[in-house]
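>>> One predicted model, sequence on top.
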Protein chains: 2
Amino acid sequence: MSDKKQVLVETSARHVHLSKSTLEALFGAGYQLTPKKELSQPGQYAAEERVDVVGPKKTLSGVAILGPVRPSDQVELSLTDARAIGVNAPIRESGDTAGGGSCILRGPKGEVELKEGVIAAKRHIHITPEAAKAYGLRDQQVVKVEVESGERSAIFGDVVVRVRDDFATAMHIDTDESNAAAIAPGTMGTVIAE
Amino acid sequence: MSDKKQVLVETSARHVHLSKSTLEALFGAGYQLTPKKELSQPGQYAAEERVDVVGPKKTLSGVAILGPVRPSDQVELSLTDARAIGVNAPIRESGDTAGGGSCILRGPKGEVELKEGVIAAKRHIHITPEAAKAYGLRDQQVVKVEVESGERSAIFGDVVVRVRDDFATAMHIDTDESNAAAIAPGTMGTVIAE
């Protein structure tokens, strides 16, 4: 076995997480999401339903909704997206939406104005306790990850390690980061812990 | 003086370079570009005129034209742009458009189909011979550049050094790369030559 600490690098396209009340405001009372595709993180899925994310300059139509519903709404955009539609998207860990950007979500049955909730996801590694132990990593540790793509090799800094039993081990980056490193599906990154 | 080899990091948004014949096909016979804003590279400017870049999936409206005219057409998109409009954009140095992606350019007086000419710019450093000498760099050398942004620090690999008398010293990256490192105007990068 190689000494290299390798993780699969997955690209997250723009998406939203909805609370139950927002889901109902957009799709109707009692509405439930229809799972379409399982994601790598256990229990998470992309839904059949999509939503429009409306900013002052432009609208992103048909943005993916990830289920299941969460305690609060969260819109994860790339900084390219955020600039295009004219919203603010601070770089944050998932769940840390206080002071996030504002936007309007538009569904078939209504609209909801999010006061805060728009973020650009801080790059991170989901990892199981077993893999973290094997790699010598701890929860909330900040590491670098090197990716070799031939034409746009890069070392990403400020990568947050998140250890949890119910995680599958993978690094998550957004589309800007993926494009900046010309990452193809299946690309492995090497963790550099200092 | 610091031993660090620092360069200004500039972000290039999507833009096109046009040949004289394409400019005339889009804007009319004998048409000349109107300089609007000087760019950091001497003699280069952003024009008042803009053009639509049409792909099979979508159109990018009002894309900047950089002057003066060049021997051949070149469309420089981010990979985010290229995917959004459904065109291929191989990662290339400026001028290396053989086998590049195809698109349609649309102006007020006509359209031109580019068979090849769409690229995503390979990241690079423009540098004067004097600065190159001071930094120990040579033309076509491939280096790394580290940028510290607090939240999205990164080291870009595969950065091509281009030495020329009429260059101003600066690193050029596209919007995906800029967003991936959360780069603000005026950010300096540190060249790592191995």
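Ah, there it is. Everything numeric in this text was worked out from a predicted model, so none of it was measured.

>>> neighbours of the residue nearest to residue A:74 when sequence neighbours are not counted, just the number please.
Spatial nearest neighbour of residue A:74, chain neighbours left out: residue A:17 (4.4 Å); criterion: CB to CB, 6 or more residues apart in numbering or on different chains. All C-beta spots, glycine's among them, are computed from the backbone N, C-alpha and C. Number of residues near residue A:17 (other CB atoms under 10 Å in any protein chain shown) recorded here: 22.

>>> what's the answer for residue A:106, then?
Using other CB under 10 Å: residue A:106 sits among 16 other residues.

>>> Thought residue A:50 was touching it, still the case?
No - here residue A:106 does not reach residue A:50: they are 10.5 Å apart, not a contact under CB atoms under 8 Å.

>>> Would you mind naming the residues that bridge with the residue nearest to residue A:74?
On the basis of DSSP bridges, residue A:17 is bridged to residue A:66, residue A:74.

>>> Report the contact partners of it.
A:65, A:66, A:69, A:70, A:73, A:74, A:76 (CB atoms under 8 Å, 6 or more residues apart in numbering or on different chains).

>>> Just the closest of those to residue A:3, please.
The nearest member of the contacts of residue A:17 to residue A:3, counting by CB to CB, is residue A:76 at 33.6 Å.

>>> any idea how far residue A:53 is from the closest one?
10 Å (CB to CB, to the nearest Å).

>>> Show me what from chain A comes close to chain B.
A:78-80, A:91, A:122-123, A:144, A:148, A:150-158, A:173, A:175-177, A:179-182 (CB under 8 Å from any CB of the partner chain).

>>> Tell me where the model's unsure across chain A.
A:1-2 (pLDDT under 70).

>>> ok, which stretches of it are strands?
A:6-12, A:15-17, A:35-38, A:45-54, A:59-67, A:74-76, A:91-92, A:101-107, A:110-121, A:124-127, A:142-147, A:154-163, A:170-174, A:188-192 (DSSP state E).

>>> possible to save those strands as JSON lines with distance to residue B:100?
Listed next are the strands of chain A as JSON lines, based on distance: least, CB to CB, whole Å:
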{"stretch": "strand A:6-12", "distance to residue B:100": "24"}
{"stretch": "strand A:15-17", "distance to residue B:100": "31"}
{"stretch": "strand A:35-38", "distance to residue B:100": "33"}
{"stretch": "strand A:45-54", "distance to residue B:100": "32"}
{"stretch": "strand A:59-67", "distance to residue B:100": "28"}
{"stretch": "strand A:74-76", "distance to residue B:100": "32"}
{"stretch": "strand A:91-92", "distance to residue B:100": "33"}
{"stretch": "strand A:101-107", "distance to residue B:100": "35"}
{"stretch": "strand A:110-121", "distance to residue B:100": "30"}
{"stretch": "strand A:124-127", "distance to residue B:100": "35"}
{"stretch": "strand A:142-147", "distance to residue B:100": "24"}
{"stretch": "strand A:154-163", "distance to residue B:100": "23"}
{"stretch": "strand A:170-174", "distance to residue B:100": "26"}
{"stretch": "strand A:188-192", "distance to residue B:100": "29"}
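
>>> Deepest-packed of those strands, please.
Burial of the strands of chain A is given as mean neighbour count (mean count of other CB atoms under 10 Å in any protein chain shown); strand A:74-76 ranks first at a mean of 26.

>>> Identify the residues contacting that strand?
A:12, A:14-17, A:53, A:63, A:94-95, A:97, A:100-101, A:103, A:105, A:114, A:117-121, A:174.

>>> Please apply the same query to stretch A:105-116.
So stretch A:105-116 is contacted by A:16, A:18, A:22, A:25-28, A:31, A:49, A:51-54, A:59, A:73, A:75, A:97-104 (CB under 8 Å, 6+ apart).

>>> and if you look at stretch A:59-68?
Contacts of stretch A:59-68 from elsewhere in the structure, counted by CB under 8 Å, 6+ apart, are A:13-18, A:33, A:35, A:39, A:43-47, A:49-54, A:75, A:77, A:81, A:84-85, A:106.

>>> quick one, what contacts the residue lying closest to residue A:139 once chain neighbours are set aside?
Distances taken as CB to CB, 6+ apart put residue A:163 closest to residue A:139, at 4.1 Å, once the chain neighbours are dropped. Going by CB under 8 Å, 6+ apart, residue A:163 touches A:127, A:128, A:129, A:132, A:137, A:138, A:139.
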